[in-house]
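# below are the sequence and a predicted model for it; my questions follow.
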Amino acid sequence: MSASANPQTLIQSWNVPELQKRLKFVLYALLIFVFCTHIPAPGIDMTLVRNFFQSAAGSGGIFNLIDLFSGGALKQFSILALGIMPYINASIMMQLMTAVDPKLKEIQQEGEEGRKKISKWTRYLALGLAFFQGAGMMVMFYGSPQELLTLPTMTALFSVAAGTCFLMWLGDEISQKGVGNGVSLIITLGIVASIPGAIWSELSAAQLQNQRMVALLLLLVFAVIVTTAIVFVQLSVRRIPVQYARRQIGRKIYGGQSTFLPIKLTQAGVIPIIFAISVLMVPQTLFQLLPRSWDWVAQGNAFISNFQNSGWYLIVQFLLVYIFTFVYTAVTFNTQDIAENLKKNNGFIPGVRPGRQTFEFLDKVLHRVTVFGATFLGLVAILPVVINMVVQTMTNVTINSFWIGGTSLLIVVGVALDTVQQMQAHMIMRHYSGFGK
């Protein structure tokens, strides 16, 4: 593990006044998030919500995962029931559209003003997705699209959409005035906040049941192994050496130093998993918005329910994550732009000619690295179900809690490592400024 993950960083950072102020702001903001998860959305019938989650349609992995990301707000149907997921999906969609549409790419390259425009359009798209997902949830609870036209349901819909807007603002505030990525920290806290309740629920169910206790211990062992693997993969990078040619301007000589270009094994992070889950939710949401009296709608709902409980669902989810990893990596890590920037700055990879050959070399390396990263993310996505199947085979006990999920572990570990690295970066900047004085 790298030095950036040293536990002493947390203790040392608290002694830095500026960093302590930022950490306090993060703590206060996250406390506000936890408080808001317990504020119920007005106009919703909680009996219908509980009945839905107790039914076969609502007990699926997708809804449990969304509830996990929102810190349990979905099952309580608080004002933050939708969480930050609409904004994440909107950000992914906007990044993909920017890579495809030349006009959007030109706007993005206009500097600060261009980024502000893209950010504003992303928020509008997130708001639209929040209304769409919220409407789908309402129809699932009530079983009829006509309920969307009633005043209580409209009030609840606008409340949860406003909750998503609030989380977008809170995430930006944490990123600007705190430490780490605000949106990622909100998701991480939602996951961590759900863990104690899930553990207590499973321990309560395991009273005087030796097999269930054995199953929980096996899951704990799996969790340690998976966490170790995630930390190893998250810190794994392919270092490509880069050499900058020396050049003389006047009496000064510039360049000549050697460095490296890091390509992470999981360059796309957890984004492909979240996007794959959102895509798999779309058919079910659309069918729920249609009248159930139609025969083909009822057949479609039955097919989706059977599909989610079959092995084909895991295969499709793995393939979606695998494909989205390649797409998102290609969007965020543009090898052609990197090759051109190296050439402009008199940089080159030893043994590779600048320009076209550098682009082809980087593209080849990125493709090979992404194969391993995409396979790893795909396995992490389907890990909860696979582990449950193994444990069930060994102990004849099924654990329904998702706190052990590979996706949640990947998010928590990734965000923790990134936050600690940013804290250490702040400390290094402070030492430089102090030395300069």
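Yep, it's here.
# if you tally nearby residues, what's the number for the closest residue to Phe53 other than its chain neighbours?
Spatially, and ignoring its direct neighbours in sequence, Phe53 is nearest to Lys75 (5.7 Å; Cβ to Cβ, 6 or more residues apart in numbering). All C-beta spots, glycine's among them, are computed from the backbone N, C-alpha and C. Using other Cβ atoms under 10 Å, the number of residues around Lys75 comes to 19.
# same thing with Leu68?
Neighbour count for Leu68, taken as other Cβ under 10 Å: 26.
# mean confidence for the host helix or strand of it?
Applying DSSP states H and E as the criterion places Leu68 in helix 61-69. Mean pLDDT, computed over helix 61-69, is 68.
# can you name the element that comes right after it?
helix 73-76.
# if we can go back for a sec, what sits against the residue nearest to Phe53?
Lys75 makes contact with Val49, Arg50, Phe53, Asp67, according to Cβ atoms under 8 Å, 6 or more residues apart in numbering.
# would JSON lines of those residues with secondary structure, distance to Ile191 and neighbour count be doable?
JSON lines is the format used below for the contacts of Lys75 (DSSP: H, G, I helix; E, B strand; the rest coil; distance: Cβ to Cβ, whole Å; neighbours: other Cβ atoms under 10 Å):
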{"residue": "Val49", "secondary structure": "helix", "distance to Ile191": "21", "neighbour count": "21"}
{"residue": "Arg50", "secondary structure": "helix", "distance to Ile191": "22", "neighbour count": "15"}
{"residue": "Phe53", "secondary structure": "helix", "distance to Ile191": "18", "neighbour count": "18"}
{"residue": "Asp67", "secondary structure": "helix", "distance to Ile191": "11", "neighbour count": "21"}
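# and of the residues you listed, the nearest to Gln20?
The closest of these to Gln20 turns out to be Asp67 (Cβ to Cβ; 33.6 Å).
# pretty sure the closest one is touching Leu74, no?
Yes - between Asp67 and Leu74 there is a contact at 4.0 Å, judged by Cβ atoms under 8 Å.
# what about Thr121, distance to Gly355?
Let me fix one detail, which is that residue 121 is Trp and not Thr. 34 Å (Cβ to Cβ, to the nearest Å).
# the two - which one has more neighbours?
Set Trp121 next to Gly355 and count neighbours by other Cβ under 10 Å: Trp121 wins out with 16 against 13.
# from Ala90, how far off is the more buried one?
According to Cβ to Cβ, Trp121 and Ala90 sit 9 Å apart.
# try Ile32
For Ile32 relative to Ala90 (Cβ to Cβ), the value is 23 Å.
# looking at those two, which is more packed in?
More crowded of Ile32 and Ala90, by other Cβ under 10 Å: Ala90, with 22 against 13.
# ok, the more buried one touching Ala126?
Yes - here Ala90 lies in contact with Ala126, judged by Cβ under 8 Å, at a distance of 3.7 Å.
# low pLDDT regions in the stretch 51-200 of the chain?
Applying pLDDT under 70 to the stretch 51-200 of the chain flags the ranges 55-65, 198.
# and if you look at the stretch 251-400 of the chain?
Residue ranges of the stretch 251-400 of the chain with pLDDT under 70: 251-256, 285, 288-293, 395, 397-400.
# next, the buried residues of stretch 98-114.
Going by neighbour count (16 or more other Cβ atoms under 10 Å), the buried part of stretch 98-114 is Thr98, Ala99, Leu104, Ile107, Gln108.
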